[in-house]
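Chemist: mind looking at a prediction? Sequence and model below.
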Amino acid sequence: MHVMGMNKHQTGIGFMRLIWFAVFAVVSLAAVRSAAASLPAEAVQDPSVYYVDAAVVASGNGQSWAAAFKTIGEALAQPLEPGSIVWIRPGVYVEDIGVDQSGAEVVPLTTGVAALAGNQVVFPAGTDLSGVDLAAHPGEYFLYVARSWVSNNGVYEITDVDVPSRTVTVAETGPLLITEPDFVPETGVAGDAAALSAAIGRPVQVRNADPQAGYVVLDAQGTSIYTLLYIGDGWVDPCGADNPVSYILVDGLHLTNASGGAHVQDASFTVLANSRITHMSEATGIYVNGNVTHPARYNYFINNEIYDPTSEAIYIGAGDQGEDCNYTQFTHVIGNDISHSENTWMENAIEVKEYHDTGTVIEGNVIHDFTLDYFWNGAINLQGGASDTLIYGNTLRDITPNYEEGPIYIVGLEAREDILTRDVHFFNNRIYNTTPSTQTIYAIAARGDNTENVGIYHNTIHNINGGLYLHYDAGDGSDNGVYFKNNIVDIPEGFPLITDEDWVLTGTFTLSHNFFSRTPEAYSDVTLWTGDPGFVAAPGDLHLAAGSPAIDKAASLTPTLTRDLELALRDSHPDLGAFEYQKPSSVLFLPLVLR
């Protein structure tokens, strides 16, 4: 099910847990502890399952709730193996934790998979699924879906496997749910990791045992703790771990009152989901990084709330650490809510650093209510070399500049004179403000040189005090390319629609089939429209109303974008902006004849 104005990641289990938390906040922990039925059943003499409860008087052996460990660190120090689960009862834990033991890969990352409508994925011929033993190990196998262009990305509990047909079925409900499946039909391309792909793993799981009762809170208030959650095996300066780790799943934590939240180092196929990260005093909410020896690949951050970071909310790569320290690839940032209190400042919401930090997917996030503190830094910001990046289905709302010095922008698609940025696709996003501002802030900034196949398509921009900031553009730029098509740019009077900064270096921009609130100052194309785009009720509803001049105006694209922000099908004559107008169905009414 897709709710109007939201995509499925914004209506999934993370959203429901926020509701549950509000509903159950009035229930005392004592009452919750008496409701044993809400906790997972104890595994009978299973040494790979451990239990943690901050309320016990003293630690037991961790093999039951009655003999639970008192701290999470005690459980994580036990010998964990693929399929191990650490169940943690909600409560406050004054400790930092590290997860340094890996799960197992069962089916490696595979291209050419097909997602079927509903909750099934089919692997290509030759894939062996016999290693998925659900009879012996139910609830221990997960499907990792990557690089979807239509919101199929996520991590899903496998409930059934058909080995001959190479088909897995994933859970639609249940206590182990990470991503709610509602697959849109989509097929990957064999050998192309930039298209839909999938893997199967048997992770080590660190889980909130009763999310309806609240979060597992790691609270560093009054301590010297710097990072509350570290996923990695040791640390080697300047940017590495002793050994790589993989297939680790952490769910339902609340990290608060520290200098840093979560740090994922030299890890692959790790998951941090359905968690909160709040009040980070001097650092980042989530930091993920790999290096040339141990790249970090296919890490997932899903349905988290990040509130009050004072630097970046999510930081991908290692800034100013050199090329060998920037191998953070195929990071998936899905369905997160990022904001700050009382419109105070943040450096970036999501930043992808330079060199080899590639393949990132930023999908379905809501980023809102804060001020940007630095110029040349966007709420979503890609540095040079952040290639093969998908950014779609995001909402960026009520983001304003802290001051006006140099260009400040909400989305930055950058390049460098020494690093090529290529194959970046920014589409089906909405960027808008609900309240007026007096300072200039651009919706999108893009750099023209050293770029190849950077596409900015089907976005809706409304009530932002600046449209496009285009820089590094001179000469013919025959080997470069930033394409801006099928967008709606509705900017208040008195602020620039397009600012063109020609800073000598060669670059190029192609603008076509866009709708502007008035004639832009630069880069007018012969195919453009101006005036009132005809929203239903801006700023609250940026869908196109019947009769909007933006209907049926879009140019064809390669690759074709078949869905809009809400995953509604675009028809054969698609509309401009993030939302496709849903034309009323043709209904034939026949006369009623009574006999």
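Modeler: That came in fine, so what should we check first?
Chemist: can you give me the end-to-end span of stretch 472-482?
Modeler: The first residue of stretch 472-482 is 11 Å away from its last residue (Cα to Cα, to the nearest Å).
Chemist: give me the mean pLDDT for that stretch.
Modeler: Stretch 472-482 shows a mean pLDDT of 62.
Chemist: now do stretch 97-105
Modeler: The model assigns stretch 97-105 a mean pLDDT of 98.
Chemist: and it, how far out from the chain's middle?
Modeler: Counting by Cα atoms, centre = their mean, to the nearest Å, stretch 97-105 is centred 22 Å from the centre of its parent chain.
Chemist: contacts for that stretch?
Modeler: With Cβ atoms under 8 Å, 6 or more residues apart in numbering as the test, stretch 97-105 has contacts from 72-73, 76, 79-84, 199-204, 206, 218, 228-234, 245-250, 269. All C-beta spots, glycine's among them, are computed from the backbone N, C-alpha and C.
Chemist: where in the stretch 151-300 of the chain is pLDDT low?
Modeler: 282 (pLDDT under 70).
Chemist: on that earlier part again, narrow the contacts of stretch 97-105 to those in helices?
Modeler: If you go by DSSP state H, those have 72, 73, 76 in helices.
Chemist: give the burial count for the first one, as a bare number.
Modeler: To tie it back to what came earlier, the one meant is residue 72. Burial measure for residue 72: 24 neighbouring residues, criterion other Cβ atoms under 10 Å.
Chemist: so who does residue 334 touch?
Modeler: By Cβ under 8 Å, 6+ apart, the neighbours of residue 334 are 9, 153, 154, 179, 300, 301, 302, 303, 361, 363, 364, 365.
Chemist: partners of it in the sheet?
Modeler: residue 302, residue 363 (DSSP bridges).
Chemist: low-confidence ranges, the stretch 301-450 of the chain, go.
Modeler: For the stretch 301-450 of the chain (pLDDT under 70), the answer is 342-344, 404-405.
Chemist: which of the contacts of stretch 97-105 are buried?
Modeler: In these, burial by neighbour count holds for 72, 76, 80, 82-84, 199-204, 206, 218, 228-233, 245-250, 269, counting by 16 or more other Cβ atoms under 10 Å.
Chemist: just the element for residue 426, please.
Modeler: Taking DSSP states H and E as the definition, residue 426 sits inside strand 421-427.
Chemist: could you point out which element follows that strand?
Modeler: According to DSSP H and E, the helix or strand after strand 421-427 is strand 430-432.
Chemist: partner strands of the helix or strand that that following strand is followed by, parallel or antiparallel?
Modeler: Using DSSP H and E, the next helix or strand after strand 430-432 towards the C-terminus is strand 442-447. Applying DSSP bridges, strand 442-447 is found paired with strand 409-413 (parallel), strand 468-471 (parallel).
Chemist: put together TSV for the ones in helices among the contacts of stretch 97-105, with pLDDT and distance to residue 563 on each row.
Modeler: Converted to TSV, the ones in helices among the contacts of stretch 97-105 look like this (pLDDT from 0 to 100; distance: Cβ to Cβ, whole Å):
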residue	pLDDT	distance to residue 563
72	98	41
73	98	45
76	98	41
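Chemist: from those residues, which is closest to residue 580?
Modeler: Taking Cβ to Cβ as the measure, residue 72 is the one of the ones in helices among the contacts of stretch 97-105 closest to residue 580, at 46.4 Å.
Chemist: how near is the closest one to residue 155?
Modeler: 21 Å (Cβ to Cβ, to the nearest Å).
Chemist: what's the most buried one of the strands paired with strand 442-447?
Modeler: strand 409-413 (a mean of 26; mean count of other Cβ atoms under 10 Å).
Chemist: now the angle from that one to strand 421-427?
Modeler: 140 degrees (axes from the mean of the first three to the mean of the last three Cα atoms, to 10 degrees).
Chemist: ok now strand 409-413, how far from the chain's centre?
Modeler: 17 Å.
Chemist: who touches that strand?
Modeler: Strand 409-413 has contacts (Cβ under 8 Å, 6+ apart) with 372, 376-382, 391, 396, 399, 421, 424, 426, 429, 431, 441-447, 454, 456, 464, 466, 469, 482.
Chemist: swap in stretch 548-557?
Modeler: In contact with stretch 548-557 (Cβ under 8 Å, 6+ apart) are residues 455, 457-458, 485-486, 488, 512-513, 515, 527, 529, 531-535, 544, 570, 573-577, 581.
Chemist: likewise stretch 511-519?
Modeler: With contacts defined as Cβ under 8 Å, 6+ apart, stretch 511-519 is touched by 467, 483-491, 493, 497, 523-525, 527-533, 549-550, 553-555, 576-577.
Chemist: switch to 7 Å and redo it
Modeler: 484-491, 497, 523, 525, 527-530, 533, 550, 553-555, 576 (Cβ atoms under 7 Å, 6 or more residues apart in numbering).
Chemist: next one: stretch 530-543
Modeler: 430, 432-434, 460, 462-463, 488, 490, 515-519, 544-545, 547-550, 579.
Chemist: and stretch 70-82, how far from the chain's centre?
Modeler: 29 Å.
Chemist: could I get that stretch in PDB with only the CA atoms?
Modeler: C-alpha atoms of stretch 70-82 as PDB (Å, rounded to 0.1, in the frame of the first residue of the first chain):
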ATOM      1  CA  LYS A  70      22.900  -7.100  32.600                       C
ATOM      2  CA  THR A  71      24.900  -5.400  29.800                       C
ATOM      3  CA  ILE A  72      24.900  -5.700  26.100                       C
ATOM      4  CA  GLY A  73      28.700  -5.800  26.000                       C
ATOM      5  CA  GLU A  74      28.600  -9.100  27.900                       C
ATOM      6  CA  ALA A  75      26.500 -10.700  25.300                       C
ATOM      7  CA  LEU A  76      28.600  -9.400  22.400                       C
ATOM      8  CA  ALA A  77      31.700 -10.800  24.000                       C
ATOM      9  CA  GLN A  78      30.300 -14.400  23.700                       C
ATOM     10  CA  PRO A  79      31.200 -16.500  20.700                       C
ATOM     11  CA  LEU A  80      28.700 -15.500  18.100                       C
ATOM     12  CA  GLU A  81      28.100 -17.300  14.900                       C
ATOM     13  CA  PRO A  82      25.900 -17.000  11.700                       C
END
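Chemist: picking up where we left off before, in the strand holding residue 426, what counts as buried?
Modeler: Buried-residue list, strand 421-427, by 16+ other Cβ under 10 Å: 421, 422, 423, 424, 425, 426, 427.
Chemist: ok, stretch 279-290 next?
Modeler: 279, 280, 283, 284, 285, 286, 287, 288, 289, 290.
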